[in-house]
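# Any chance you could fold what I've pasted below:
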Amino acid sequence: MSVGTNLKKLRSKTKYSQQDIADMLNVDRLTYINWENETTEVKSGYIPKLAEIFGVKIEDLFETSTNIVGVNNDYSTGGQHGIIINLSDKDLAEKLSEQIQELIKSLKK
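Have a look, this model is predicted:
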């Protein structure tokens, strides 16, 4: 995952608009949009302020691991469905695995 993708993701969690972030950084909205779209790179001087705005560590802005959830809704596979979950957080993955196992047990009853 790239910085631009992370910025979009973080901004959507905080409910800030692109203009809100641009105003906090004293940059033009188009400048911020270009960062999210990766048309231009974020200048290093803005990185600490972005981390502060989003309440994350600087390295979180550059995090490359992803949490992906995919669902197979392709009915041409003979009715088989599946979910693909790629979690980079080991504790979260273990907790989710435990919950899924409990759900399966309850469904078998």
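# what separates residue 33 from residue 55, distance-wise?
22 Å (C-beta to C-beta, to the nearest Å). Every C-beta, even on glycine, is put in place using the N, C-alpha and C of the backbone.
# Repeat that for residue 103.
32 Å.
# and what of residue 2?
Distance from residue 2 to residue 55, by C-beta to C-beta: 20 Å.
# now the helix or strand hosting residue 106: mean pLDDT?
Residue 106 belongs to helix 90-108 when elements are defined using DSSP states H and E. Helix 90-108 shows a mean pLDDT of 77.
# Which strands and helices lie in contact with that helix?
The helices and strands touching helix 90-108, judged by 3 or more C-beta pairs under 8 Å, 6 or more residues apart in numbering; DSSP states H and E, number zero.
# ok, back up a step: between residue 2 and residue 55, who's got more neighbours?
Ranked by neighbour count (other C-beta atoms under 10 Å), residue 2 and residue 55 place residue 2 first, with 14 against 10.
# per-residue confidence for that one?
At residue 2, pLDDT is 80.
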